[in-house]
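J.: I would like the atomic coordinates for the input below:
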Amino acid sequence: MKAFWNNQLIAESDDTIVIEGNHYFPPSAIKKEFFSENDTHTVCPWKGTASYYTLQVEGKENKDAAWYYPEAKDLAKNIEGYVAFWKGVEVKE
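T.: The predicted model follows:
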């Protein structure tokens, strides 16, 4: 699977995990130069507290476009640290 934003490949992996329709990419699959952490957090009752990244590509920003669970709850341990996308990020094969 590949993730694109602003015509830039930002993540690629043969080993994503699909949960609730979202592909979660292993941390090693993201191109870290396009990601910066921010202070946004949300809580999922069964996955835990999510942290968010802002994407930065060619001078454009997409705040909170990627999220991950740094300390996932037991039911979601298999995606701990894995990164998922929304807000205009295109994920495709």
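
J.: where exactly do the helices run in this protein?
T.: Counting by DSSP state H, the chain forms no helices at all.

J.: all strands of it, in order?
T.: Ranges of strands within the chain are 2-5, 8-12, 17-19, 22-24, 35-44, 48-57, 60-68, 83-85, 90-92, based on DSSP state E.

J.: and among those, the most buried is which?
T.: strand 83-85 (a mean of 25; mean count of other C-beta atoms under 10 Å). All C-beta atoms are positioned from the backbone trio N, CA, C, and that covers glycine.

J.: quick check: mean pLDDT across it?
T.: Strand 83-85 shows a mean pLDDT of 98.

J.: Residues contacting that strand, please?
T.: 3, 5, 11, 22-25, 27, 29-30, 53, 65-68, 91 (C-beta atoms under 8 Å, 6 or more residues apart in numbering).

J.: which one of those is nearest A76?
T.: Y24 (9.5 Å; C-beta to C-beta).

J.: can I assume the closest one is in contact with I79?
T.: Yes - the pair Y24 / I79 is scored as a contact, 4.6 Å apart, by C-beta atoms under 8 Å.

J.: For these two, list the residues in contact with both.
T.: Residues touching both Y24 and I79 by C-beta under 8 Å, 6+ apart: I17.
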